[in-house]
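1. From the sequence below, what's the structure:
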Amino acid sequence: MFPVACGGGDDTAEHKAPVKKAEAKPEVKHEATSVAEKKAKPSPDEAIAMLKAGNARFVDGISNHPNINRARLVQAGKENQGDHAYATVISCSDSRVPVELLFDAGVMDIFVIRVAGNVCDTDEIGSIEYGLCHVNTPVLVVLGHTQCGAVTAVTHAVHGTGHALERNIPPLVDNIEPAVRLAMSKHPDVHGNDIVPHAIEENVWQGIEDLFMASPASREIVTSGKAKVVGAIYDVGTGIVNWLPESKTTDILENVEANPDRAMDAMAGGGHAEEAAGGGH
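-> Residues are numbered from 1 along each chain as shown. Below is the predicted model of the structure:
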């Protein structure tokens, strides 16, 4: 019923309810770029550079606040986001991580997925695939952040110092446990809350690994060079996005492709609890 190949393009703007004809009004020119005038999508590296430049403006207090005027809203009502969005970002739901603001972006600029702990599970990966394959964004950013409450809660649980959580939270954040345990194994001399920053970084890599294991489409589009997947950590106290080495993403992708059985297990719904003891990135 639903084709799953990449590159379909977003067609949401094409399905609209009929609108009654209004009286003709004088044509109003808008500054926003029309479909006929639209520029080609940036390359993956160009898109990353745009995100970095936007964050630099945000940090320096000189944000341009682009594409948030009435003209852009009119444009958004008529055109496909796939003609405009230049990045997909999965980030935490934390209110201190305002994705469009911290990248100085506006309407139809970034396809955003937000979930506690920026975990990449089935729902999130489906949204990522839509962003990469149908909105055709040339880059995916897996964005962690400092002082992440989800990672901190899982760290406390692993240490046996956590408190009871509501019914639906543990299944949401269980993806984070392998990252916490890996951080602890890599830094055996770091204890208590001091391990949290290391776990936050490992959780970004965990998300990228989970994505590649469960999403052949994402692997294919990255391998083809049409898009890049990058990791980053946002500092909630400074506004700075610290970018993680792209070479690590390449290593993770190569490792997943070298272990097809493990990837198939992930697509079949293999849990993270079984992976916590082994595997790792």
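2. quick one: least confident helix or strand in this structure?
-> Within the chain, no helix or strand scores below helix 272-276, which has a mean of 43 by mean pLDDT, DSSP states H and E.
3. Tell me where this protein has strands.
-> Taking DSSP state E to define them, one finds strands in the chain at 87-91, 110-114, 139-145, 228-234, 241-243.
4. for the chain, what's the longest helix?
-> helix 196-214 (DSSP state H).
5. Would you pull up how far that helix lies from the middle of the chain?
-> 12 Å (Cα atoms, centre = their mean, to the nearest Å).
6. repeat for stretch 205-218
-> Using Cα atoms, centre = their mean, the offset of stretch 205-218 from its chain centre is 12 Å.
7. Give me the contacts around it.
-> 4-6, 90, 118-122, 125, 128-129, 132-133, 140, 142, 175-176, 178-179, 182, 219, 229, 231, 244, 248-249, 252-253, 255-256, 262-263, 266-267, 272, 281 (Cβ atoms under 8 Å, 6 or more residues apart in numbering). Bear in mind the C-beta positions are built from the backbone N, C-alpha and C, glycine included.
8. Just the buried residues of those.
-> Applying 16 or more other Cβ atoms under 10 Å to the contacts of stretch 205-218, the neighbour count classes 6, 90, 118-121, 125, 128-129, 132-133, 140, 142, 175-176, 178-179, 182, 219, 229, 231, 244, 248-249, 252-253, 255-256, 262-263, 266, 272, 281 as buried.
9. that older thread, tell me the mean pLDDT over the longest helix of the chain?
-> Averaging pLDDT along helix 196-214 yields 97.
10. Just want the angle from it to strand 228-234.
-> 160 degrees (axes from the mean of the first three to the mean of the last three Cα atoms, to 10 degrees).
11. Name the residues of helix 196-214 that are buried.
-> Applying 16+ other Cβ under 10 Å to helix 196-214 flags 196-214 as buried.
12. Ok, stretch 148-163 next?
-> Going by 16+ other Cβ under 10 Å, stretch 148-163 has these buried residues: 148, 150-158.
13. Same check on stretch 51-67?
-> For stretch 51-67, by 16+ other Cβ under 10 Å, it's 51, 54-55, 57-59, 63, 67.
14. Check these and tell me the two furthest apart.
-> Spanning the widest gap among the buried residues of stretch 51-67 are 59 and 67, at 19.7 Å by Cβ to Cβ.
15. Do a quick rundown of the helices in the protein.
-> Under DSSP H, the chain gives helices at 44-60, 70-78, 99-102, 122-133, 149-159, 169-173, 177-186, 196-214, 216-223, 246-257, 260-267, 272-276.
16. If you count contacts, what does the fifth one end up packed against?
-> Looking back up the chat, that one is helix 149-159. helix 169-173, helix 177-186, helix 196-214 (3 or more Cβ pairs under 8 Å, 6 or more residues apart in numbering; DSSP states H and E).
17. Grab the nearest non-local neighbour of the most centrally placed residue in the chain.
-> In the chain, the centroid-proximal residue (Cα atoms, centre = their mean) is residue 90; its distance is 2.1 Å. Among residues not flanking residue 90 along the chain, residue 113 sits closest, at 4.3 Å (Cβ to Cβ, 6 or more residues apart in numbering).
18. Also residue 51?
-> Per Cβ to Cβ, 6+ apart, closest to residue 51 is residue 103, 5.2 Å.
19. cool, and residue 141?
-> Per Cβ to Cβ, 6+ apart, closest to residue 141 is residue 89, 4.6 Å.
20. Next: residue 242.
-> Nearest to residue 242 is residue 233, by Cβ to Cβ, 6+ apart, at 5.0 Å.
21. do residue 256 as well
-> Counting by Cβ to Cβ, 6+ apart, the residue nearest residue 256 is residue 212, at 4.4 Å.
22. now do residue 122
-> residue 214 (7.4 Å).
23. Give me the distance between the one you found and residue 119.
-> Distance of residue 214 to residue 119, given as Cβ to Cβ, to the nearest Å: 12 Å.
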